[in-house]
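Engineer: Just to be clear, the model below is a prediction. Sequence and coordinates:
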Amino acid sequence: MKKEFLYRMMACVVAVSSLFMMSSCEDDDDVNVDEDTLEVLEGEITANLTLDASKQYLIRGKVYVQSPATLTIPAGTIIFGEKESDGTLIINRGAKIDAKGTAEKPIIMTSQAPAGFRNRGDWGGVVILGKAYNSNGGSATIEGITASAGSENGVYGPGTGDAQDADNSGFLQYTRIEFAGIALSQDNELNSLTMGSVGSGTTIDHIVISYANDDAYEWFGGSVNHKYLVAYSTLDDDFDTDRGYNGNIQYGAVIRASLVADISGSRAWESSSNSNATAPTVGGISRHSAPTFSHVTVWGPYLFAAANASSNFYRAGLEINSNSAIKVYNSIITGFPNSANFATAGSTVSKNVFAANTTQAASGASAPADFATANTLEASITNILGAFPSGSVYSFTNLPVLQAANSPYLTGATNLSANNSFFENTAHYGAFGSSAGAGWNISSAWFVLDPINTNYEQD
């Protein structure tokens, strides 16, 4: 039976809403990505390999790049993940990825299904592993991977040596990761982009993850820094920080579909660390998760539909637990049942704007007494994003990306650069002001938010 027919049958039996995907069961001539035209990547890559942007590739099964090999992916390369084999790309610790897309020629990693019939969970996603600290152990096995005895496949952490927080796993820039993530079992899933002990020598920026079947981004320890991260229509959590991650992130965009949420509970942030009050010592280091986020805008589900017309599985926009010491500044967080839930003490959530959340005040046993004064609880979302196009919601397919010209949050953000050179001193709150900053390039090909209907047929 041809793959195109199989994909059509699968699409026909999935109930979808216009906020999830648009598809048709007609027997038309949509382009199917034929594996006979693709170069297949499978098994283990043990020597340096450079792909060719004039070709298209298929990831079959779990593809491991072994140390010390480097996988080089040129700008404009299109790579498909095979659904039947749970295609997944894993960069083992000590190996590298050199994937430098551009704004106009992004690297695209996507579903093999034809245009109009792609779905979250069509392939496994991307896993990058390194030798920085994590609180799981010196040689832990990353979530979603079953490691064989004596094998380096899927193993992260410093091993028996010192933790290398400046470890370098390469480059991943201007890349779209679409329809990825596979749930192997409860709480054991492949995310769209999973990072285990990835060090600060690694460069990962300008990433769009759309239609993630679990988390969009998940960090297990590590110190890697990022700018310009986008999560669009994620099923579970957008930013999941865990096991001692302490990197910096500036400029992020989270856009949530009102009917799409995970049964485990979906948030923009889920920040965890370790259940022990004192984090384990691994590679000579002991620390809890303490990442710093700044200038993130969260367009929550209630911006696009009323609460009673949205999924019941949404939780807080920001949820902090398991001894996490996350820091969140200068962000605009909207449209969730609760603004923030503090299940543990020690975090810093300050100088943010919370709007259009059903409960604006902080919840949880460790909610800080100064939450309302350290942040702004905005009474009207239209003060930030402008008038509704009609009724009392915005359009998910015609997103109000920029702040209104008269928004009070175009100035006043706190300057983090004085104490941390990674951060730029940006006056506005959130990802965008009344115009897009130079680094966003939102009119370019890397920022596409309709991958369901994008034609990836090779010219």
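Structural biologist: Yep, that arrived.

Engineer: hey, let's count contacts and neighbours off CA atoms from now on
Structural biologist: Noted.

Engineer: show me where the stretch 301-450 of the chain has strands.
Structural biologist: Chain-ordered strands for the stretch 301-450 of the chain, with DSSP state E, counting those that start in this stretch as the definition, fall at 316-320, 327-329, 332-334, 338-342, 348-350, 353-355, 376-378.

Engineer: Can you redo these as a markdown table, where the extra columns are mean neighbour count, distance to residue 285 and mean pLDDT?
Structural biologist: Converted to a markdown table, the strands of the stretch 301-450 of the chain look like this (neighbours: other CA atoms under 10 Å; distance: least, CA to CA, whole Å; pLDDT from 0 to 100):
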| stretch | mean neighbour count | distance to residue 285 | mean pLDDT |
| --- | --- | --- | --- |
| strand 316-320 | 25 | 22 | 98 |
| strand 327-329 | 21 | 20 | 98 |
| strand 332-334 | 26 | 33 | 99 |
| strand 338-342 | 24 | 26 | 98 |
| strand 348-350 | 19 | 22 | 98 |
| strand 353-355 | 26 | 34 | 98 |
| strand 376-378 | 18 | 36 | 98 |
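
Engineer: can you put the ones you listed in CSV and add distance to residue 168?
Structural biologist: Below are the strands of the stretch 301-450 of the chain laid out as CSV (distance: least, CA to CA, whole Å):
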stretch, distance to residue 168
strand 316-320, 28
strand 327-329, 24
strand 332-334, 32
strand 338-342, 33
strand 348-350, 29
strand 353-355, 35
strand 376-378, 38
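
Engineer: Let me know which of these is the nearest to residue 415.
Structural biologist: Ranking the strands of the stretch 301-450 of the chain by distance to residue 415, with CA to CA as the measure, places strand 327-329 first at 9.7 Å.

Engineer: The protein: helices as residue ranges?
Structural biologist: Taking DSSP state H as the criterion, the chain carries its helices at 3-13, 371-374, 382-385.

Engineer: weakest of those in terms of mean pLDDT?
Structural biologist: Across the helices of the chain, the stretch with the lowest average pLDDT is helix 3-13; it has a mean of 41.

Engineer: re the thing from before, quick one: closest of the strands of the stretch 301-450 of the chain to residue 283.
Structural biologist: When the strands of the stretch 301-450 of the chain are compared for distance to residue 283 using CA to CA, the nearest one is strand 327-329, at 24.5 Å.

Engineer: Partner strands of the closest one, with direction?
Structural biologist: Each strand paired with strand 327-329, and its direction, by DSSP bridges: strand 292-299 (parallel), strand 348-350 (parallel).

Engineer: hey, which of these is tucked in deepest?
Structural biologist: Greatest average neighbour count among the strands paired with strand 327-329 goes to strand 292-299 (a mean of 26), per mean count of other CA atoms under 10 Å.

Engineer: Which residues does that one contact?
Structural biologist: 246-256, 268, 326-335, 429-432 (CA atoms under 8 Å, 6 or more residues apart in numbering).

Engineer: Look at residue 23 and report its pLDDT.
Structural biologist: pLDDT for residue 23: 37.

Engineer: and if you look at the one 5 residues further on?
Structural biologist: pLDDT, the model's per-residue confidence, is 36 for residue 28.

Engineer: I'd like the numbering to begin with 732 instead of 1 from here.
Structural biologist: In the new numbering, first residue 732, that becomes residue 759.

Engineer: residue ranges with poor pLDDT in the stretch 832-981 of the chain?
Structural biologist: For the stretch 832-981 of the chain, applying pLDDT under 70 flags the ranges 916-918.

Engineer: And the strands in it?
Structural biologist: 838-842, 856-860, 871-872, 886-887, 901-909, 913-916, 919-921, 924-927, 934-941, 948-951, 956-963, 970-973, 979-986.

Engineer: What is the fourth one packed up against?
Structural biologist: Contact here means 3 or more CA pairs under 8 Å, 6 or more residues apart in numbering; DSSP states H and E; on that basis strand 886-887 packs against strand 871-872.

Engineer: if we can go back for a sec, now render the strands paired with strand 1058-1060 as TSV, adding distance to residue 1183.
Structural biologist: Below are these laid out as TSV (distance: least, CA to CA, whole Å):
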stretch	distance to residue 1183
strand 1023-1030	20
strand 1079-1081	35
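
Engineer: Residue 1148 is nearest to which of the strands of the stretch 1032-1181 of the chain?
Structural biologist: Nearest to residue 1148 among these is strand 1058-1060; the distance by CA to CA comes to 12.3 Å.

Engineer: List the contacts of residue 1168.
Structural biologist: With contact set as CA under 8 Å, 6+ apart, residue 1168 has no partners.

Engineer: Which of the strands of the stretch 1032-1181 of the chain sits closest to residue 834?
Structural biologist: Nearest of these to residue 834, taken as CA to CA: strand 1063-1065 at 25.0 Å.

Engineer: List the neighbours of the closest one that are in contact with it.
Structural biologist: With contacts defined as CA under 8 Å, 6+ apart, strand 1063-1065 is touched by 1026-1031, 1033-1034, 1048, 1070, 1083-1088, 1112, 1160-1161.

Engineer: Can you say which of the strands of the stretch 832-981 of the chain is packed in most?
Structural biologist: Comparing the strands of the stretch 832-981 of the chain by mean neighbour count (mean count of other CA under 10 Å), strand 886-887 ranks first with a mean of 28.

Engineer: partners of that one in the sheet?
Structural biologist: Neighbouring strands of strand 886-887 in its sheet, by DSSP bridges, are strand 871-872 (antiparallel).

Engineer: Quick check, residue 1155 in contact with residue 1149.
Structural biologist: No. Between residue 1155 and residue 1149 there is no contact under CA atoms under 8 Å: 9.3 Å.

Engineer: Mind checking which of the two has more residues around it?
Structural biologist: Neighbour comparison, residue 1155 and residue 1149: the larger count goes to residue 1155, with 14 against 11 (by other CA atoms under 10 Å).

Engineer: was I right about residue 1067 contacting residue 1091?
Structural biologist: No. Shown here, residue 1067 and residue 1091 do not form a contact pair, counting by CA under 8 Å, at 9.1 Å.

Engineer: Of those two, which one has the most company?
Structural biologist: Neighbours around residue 1067 and residue 1091, counted as other CA under 10 Å, are more numerous at residue 1067. The numbers are 31 against 22.

Engineer: That one: what's it in contact with?
Structural biologist: Contacts of residue 1067 were listed using CA under 8 Å, 6+ apart, and they are 1031, 1032, 1033, 1045, 1046, 1047, 1048, 1087, 1088, 1089.
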